[in-house]
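**Q** pasting the sequence and the predicted model now:
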Amino acid sequence: MTTTADTTARHQVEHTASTSASASAGYAVVAEVTRWPLFFDPCLHAEVLESDGPSERIRLWALVGGEARSWTSRRRFDRGLHRIDFRQEQSTPPLAWMGGYWRFEPDTEGTRMVLGHEWASATDSAEAEEWIGQALDRNSTAEIAAVRDWAERSDAWGLDELVFDFTDTVEIAAPAAVVYDFLNRADLWPQRLPHVARLDLTTTPASGTTAGADVQTMEMDTRAGDGTVHTTRSVRLCFEGRRIVYKQTAPPRPLLGHSGEWVLEPHDGGVTVTARHHVALDPDALASWFGEDVTPGAARTRVREILGGNSRRTLEQARAHAERPAGPSAGGEAEGEEGVA
């Protein structure tokens, strides 16, 4: 349900929904901002810049109208009331400013979830205000539905049973720039990586709206060990020489979400390269994928083996490529984006 109230320059809107989940479960989904890329389709990456307990400053990267944008927000928590207030620090046109809140109110059937927004347009254009209102309605409806679904999964399974992280690290005796180039030049993967049958890559140069990240959108066909070919789609945020953040926009079963990053830390004699994975399991797909008796713990182990194996092969191939004095590019695996087949 949506309710609105407008003044001359200020607009207010609330989106509500009911869930059988507890208020604390819904609150926890929204509070864990670094997990948002797994929960919300438009969200590409989230970072906590500052935190003092009752409040935090965050940076988000998200797809807005099909384009990657970044902004910072302040959030304030009231765990007792199950409420989180937020406000963008510097909104970009067509917004002049935006803030809002999440509330989770226990009722006789579970929880009433409320997502409220307050905003103003940067212009007096009726068309701009209509566009903002329609976009906000679409996004809020999708967000509150995602929170409901994850809160109910959390109560049924336990959030930490379904959502997990892991890392793999290697030392490479080569300049960080060479290793970064190997990971960044996805356009060369069909020549460098035998399992890549096709790769379409679009790169948008870094700008202020992306907080300094080149944005890569890629669609890749890969050959599995049995000869079958499957397609994956990802968006990558590339921070020159330092790290590459990625999100699978269509994760394979049995995953509901998969994102991660490559982090490069130069030092005397080479570079430390870490591959981080953030994974959300689909509890409804585990039995059909891994067997009727599989537990979430066993599924996490199996997924970690598959995705981690892909990452470790990538890191080893990056090392072979970077440490080779001369010659053709090394092969290897893409960053675990080919799924869990």
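**A** In hand now; what should we look at?
**Q** how about residue 231: which residues does it bridge to?
**A** With DSSP bridges as the criterion, residue 231 is bridged to residue 221.
**Q** that one contacts residue 200, correct?
**A** No. The criterion here is Cβ atoms under 8 Å, and residue 231 misses it with residue 200 at 10.0 Å. Where you see a C-beta, it was placed from the backbone N, CA and C, and this is true even at glycine.
**Q** okay, and the common contacts of these two?
**A** Residues touching both residue 231 and residue 200 by Cβ atoms under 8 Å, 6 or more residues apart in numbering: 219, 220.
**Q** any idea where the strands of the stretch 101-250 of the chain begin and end?
**A** Using DSSP state E, counting those that start in this stretch, the strands of the stretch 101-250 of the chain run over 110-121, 163-172, 196-204, 214-223, 229-239, 243-248.
**Q** and of the ones you listed, who's closest to residue 278?
**A** strand 163-172 (5.2 Å; Cβ to Cβ).
**Q** chain center to the closest one: distance?
**A** Centroid displacement of strand 163-172 relative to its chain, using Cα atoms, centre = their mean, to the nearest Å, is 17 Å.
**Q** stretch 117-137 now?
**A** Relative to its parent chain, stretch 117-137 has a centroid offset of 26 Å by Cα atoms, centre = their mean.
**Q** can you list contacts of it?
**A** The contact list for stretch 117-137 (Cβ under 8 Å, 6+ apart) reads 2, 4, 9-15, 64-65, 91, 93-100, 140.
**Q** just the buried ones from those?
**A** Restricting these to buried positions leaves 11, 13, 14, 15, 91, 94, 95, 97, 98, 100, 140, with burial counted as 16 or more other Cβ atoms under 10 Å.
**Q** let's see which of those end up in helices.
**A** By the criterion of DSSP state H, membership of these in helices covers residue 140.
**Q** including pLDDT, could the buried ones among the contacts of stretch 117-137 go into a markdown table?
**A** Shown next, in a markdown table, are the buried ones among the contacts of stretch 117-137 (pLDDT from 0 to 100):
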| residue | pLDDT |
| --- | --- |
| 11 | 91 |
| 13 | 94 |
| 14 | 96 |
| 15 | 96 |
| 91 | 88 |
| 94 | 87 |
| 95 | 88 |
| 97 | 94 |
| 98 | 95 |
| 100 | 97 |
| 140 | 94 |
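**Q** most tightly packed of the strands of the stretch 101-250 of the chain?
**A** Most buried of these, by mean neighbour count (mean count of other Cβ atoms under 10 Å): strand 243-248, with a mean of 22.
**Q** that one packs against which elements?
**A** Under the contact definition 3 or more Cβ pairs under 8 Å, 6 or more residues apart in numbering; DSSP states H and E, strand 243-248 sits against strand 43-51, helix 176-184, strand 229-239, strand 255-267.
**Q** include distance to residue 306 when you put these into JSON lines, please.
**A** Listed next are the helices and strands packed on strand 243-248 as JSON lines, based on distance: least, Cβ to Cβ, whole Å:
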{"stretch": "strand 43-51", "distance to residue 306": "23"}
{"stretch": "helix 176-184", "distance to residue 306": "20"}
{"stretch": "strand 229-239", "distance to residue 306": "14"}
{"stretch": "strand 255-267", "distance to residue 306": "10"}
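**Q** where does the stretch 1-150 of the chain have low pLDDT?
**A** Across the stretch 1-150 of the chain, the ranges flagged by pLDDT under 70 are 1-8.
**Q** switch the cut-off to 50
**A** Within the stretch 1-150 of the chain, the ranges that satisfy pLDDT under 50 run 3-8.
**Q** which residue, other than its chain neighbours, is closest to the residue nearest in space to the middle of the chain?
**A** In the chain, the residue lying closest to the centroid (Cα atoms, centre = their mean) is residue 37, at 2.5 Å. Setting aside the residues directly before and after it, residue 37 is nearest to residue 259 in space (Cβ to Cβ, 6 or more residues apart in numbering), at 4.3 Å.
**Q** mind pulling up the pLDDT for that neighbour?
**A** Looking at residue 259, its pLDDT stands at 97.
**Q** for it, give me its contacts.
**A** Per Cβ under 8 Å, 6+ apart, neighbours of residue 259: 37, 38, 44, 45, 245, 246, 247, 248, 277, 278.
**Q** output the contacting helices and strands for the helix or strand harbouring the first one.
**A** Residue 37 belongs to helix 36-39 when assigned by DSSP states H and E. Applying 3+ Cβ pairs under 8 Å, 6+ apart, one finds that helix 36-39 contacts strand 43-51, helix 126-157, strand 255-267, strand 270-281.
**Q** next, the buried residues of the third one.
**A** The neighbour-count criterion (16+ other Cβ under 10 Å) identifies 255, 256, 257, 258, 259, 260, 261, 262, 263, 264 as the buried residues of strand 255-267.
**Q** out of those, which one sits closest to residue 187?
**A** The nearest member of these to residue 187, counting by Cβ to Cβ, is residue 262 at 16.7 Å.
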